[in-house]
Every structure is written in structure tokens, then in C-alpha cells.
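1. Just need the structure, nothing else, for what follows:
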Amino acid sequence: MKARKIVLTSGKGGVGKTTATVNIGAALAKRGHRVILVDTDIGLRNLDLVLGLEKRIVFDLVEVIEGRCQVRQALIKDKRFESLAILPAAQTRNKDAITEDQMARLIDELADMADYVLIDCPAGIEGGFRNAIAGADEAIVVTTPEVSAIRDADRVIGKLAEKNIPMRLILNRIRPEMVRTGDMLSIDDVCEILSIELLGIIPDDEEIIDTTNRGEPLVLGEGYRLRGIYEKIVRRLEGDLIPFTNLETPGFFGRLFGTLKAG
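-> Below is the predicted model:
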């Protein structure tokens, strides 16, 4: 049985797409799935850094496509989970080094080796974006509640709709206190503008910066406030009906800690 092939995309850069890719991938591996993460941001790879695997790269995605190595040689297995692997992007090549057809064939090959292939898409809607979505049969659009990010996400949603790729939304870096004062768009506002199914809501939290800098997915650590949020996202991705945490009332983190302690 072939893997689900899901591209994570955003339009705007810096909205937390790569961090989401890593944490969703790690959470799926933790649930026993075989997961391959593919970095398609040729020339600007980061997925390896967020997973702390940058020193183990020997081959990359472009070298696989050019036939310089086998795909299994380029995959780097995460030592924390044998079922989690990444295929890194090339750091010294341009995004036009590969074609959409080549990428689609590569993703198909990877789909024979895993339960999930998560494709980390570069920012923008140019060649890198077109390559990244070429092999995907589902999409997760990641955005923050900033007007510029939402506008770019809307452009991406339009491009995905042209390809008939089903998509869902992750709204990242929500700050409930700013929503309450009217200084930030609410979850309902963003959902109404973008009009796609909501998959997850992630509050703004500095522990993302801390774990990213250390190359450690927060879903694998103990006591992280956002771990439960990502685990819920993954359960929804797998079809479970999980209610959304209400972030727009006071005392969210206190209740979240209480929930985690209660299991």
C-alpha cells in the first residue's frame, strides 16, 4: 500500500511550515508509522537543522534525481526513531535543477517505502512550489494570522485548487491576548477568509524557538506545552474527531498543563 503524500506549504516564508513538518512527522513516527520527510527547498534547506541531522548528510535530493546515488543512500534515519527519515535538499544547486515530472516520480518511489511522505515546500508560488506539489495528493496550508501571510496563503490555496489537491489549514502563532484586544485576526476570521477545513491551531510560544535551535522535535520531549497540540493535529490527520482547544479565553496554558498532567 502506498503512502499518503502530503505537501506542507504556505506561500509566505517564516510562518513555521518546516517546524510543523518536523513535529507532525515525528508525532506520526511516534504512533508507529514509517515516515519520510522531503526537503524541497533547494538551495535553502533547513529540515535537517530542525531535526538535528545536518552533520549526517552525504547525498541529497538532486543527486538522487540525477542518478548519482540510490534513494536509500540519501535517506537519513533519525536515531530517535528508526521509522523516521529525511531526504535533504541540495544546498548548492538552484530550484530549476529538477522538473515537476522528476519530483513526482521521486515522491512515488518514496511512497513505496513509507506510510507517510511529508513534503516541505519552499516559500512562494514559483518553480520550487510547483515541484513540491507535483507528487502530492494532499496539502496542509500553514499560515499565521498576519494579513500578508493570509494573502499569500490564499494565493497558494488557489494554486492547489487548480490541481484539485484536497487541503487543510494549520493556523500558527495565535496570540489569544491580541485576539481579545482586536489587534490580531481571530481563528474564525482566518477560517472565513481562507474557507478550507481547519486541521490545527498552534499558539505562539517561545518553546518552538528553543527546540528548533536544539534540533529536537518538541513532540518527542516531556513537558512541552505544545506537544499535545501537535498530537491532536496528527490524530485529526488520521481521521479522529478531536475538538479544538479553545485558546481565546484566559488561562489557556494553565489548563493545558492540567490536561497534560491528566494524560
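2. Distance-wise, check the residue in the chain sticking out farthest from the centre relative to R175.
-> Using C-alpha atoms, centre = their mean, the residue of the chain lying farthest from its centre is T181. It sits 29.5 Å away. T181 sits 10 Å away from R175, going by C-beta to C-beta, to the nearest Å. Using the backbone N, CA and C atoms, a C-beta is placed for each residue, glycine as well.
3. what does L106 give?
-> 38 Å.
4. Compare these two and say which is more crowded by neighbours.
-> L106 (22 against 16; other C-beta atoms under 10 Å).
5. who's in contact with the more buried one?
-> 61, 64-65, 71, 135 (C-beta atoms under 8 Å, 6 or more residues apart in numbering).
6. Looking at those residues, which are in strands?
-> Of the contacts of L106, none are assigned to strands by DSSP state E.
7. Buried members of the residues you listed into PyMOL, please.
-> The following PyMOL line selects those of the contacts of L106 that are buried, judged by 16 or more other C-beta atoms under 10 Å:
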select buried, resi 61+64+65+71+135
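8. mind giving me JSON lines with the contacts of L106 and columns for distance to A90?
-> JSON lines is the format used below for the contacts of L106 (distance: C-beta to C-beta, whole Å):
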{"residue": "L61", "distance to A90": "6"}
{"residue": "V64", "distance to A90": "10"}
{"residue": "I65", "distance to A90": "9"}
{"residue": "V71", "distance to A90": "14"}
{"residue": "G135", "distance to A90": "17"}
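9. Tell me the one of the contacts of L106 nearest P122?
-> L61 (12.1 Å; C-beta to C-beta).
10. Now do the strands for the protein: every range, in order, please.
-> Secondary structure of the chain (DSSP E): strands at 4-9, 35-39, 76-78, 81-87, 116-120, 138-143, 167-174, 197-203.
11. With distance to K232 added, can I get these in TSV?
-> Output for these, formatted as TSV (distance: least, C-beta to C-beta, whole Å):
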stretch	distance to K232
strand 4-9	17
strand 35-39	18
strand 76-78	22
strand 81-87	19
strand 116-120	17
strand 138-143	14
strand 167-174	11
strand 197-203	7
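12. just checking, A26 touches S83?
-> No. Judged on C-beta atoms under 8 Å, A26 makes no contact with S83 at a distance of 10.2 Å.
13. Compare these two (neighbour count), which wins?
-> Remark: of A26 and S83, A26 carries more neighbours, 24 against 18, as counted by other C-beta under 10 Å.
14. Can you tell me the closest non-neighbouring residue to that one?
-> Spatial nearest neighbour of A26, chain neighbours left out: P217 (3.8 Å); criterion: C-beta to C-beta, 6 or more residues apart in numbering.
15. try V147
-> L185 (7.6 Å).
16. Please name the residues that touch the one you found.
-> Counting by C-beta under 8 Å, 6+ apart, L185 makes contact with 145, 147, 150, 179, 193.
17. Closest to R93 out of those?
-> I150 (31.6 Å).
18. what's in contact with stretch 86-105?
-> 36-45, 47-48, 51, 53, 57, 60-65, 71, 74-76, 78, 110, 122, 126-128, 130-132, 134-135.
19. To clarify, my last question referred to stretch 152-164.
-> With C-beta under 8 Å, 6+ apart, stretch 152-164 has contacts from 9-12, 125, 129, 133, 139, 141-143, 167, 169, 193-194, 196.
20. Which members of these are classed as buried?
-> For these, a burial check counting by 16+ other C-beta under 10 Å picks out 9-12, 125, 129, 133, 139, 141-143, 167, 169, 194, 196.
21. if I look at A149, how far off is V142?
-> On the measure of C-beta to C-beta, A149 and V142 end up 9 Å apart.
22. any shared contact partners between those two?
-> 10, 15.
23. As a check, name the ranges of all helices in the protein.
-> 17-30, 47-50, 61-65, 71-74, 100-111, 127-134, 147-162, 176-181, 187-194, 207-213, 227-237, 252-262 (DSSP state H).
24. Give me the number of neighbouring residues for the closest residue to L49 other than its chain neighbours.
-> The spatial neighbour of L49 that comes closest, neighbours along the chain excluded (C-beta to C-beta, 6+ apart), is G215 at 6.4 Å. Residues lying near G215 (other C-beta under 10 Å) number 15.
25. I'm done for today, thanks for sticking with me.
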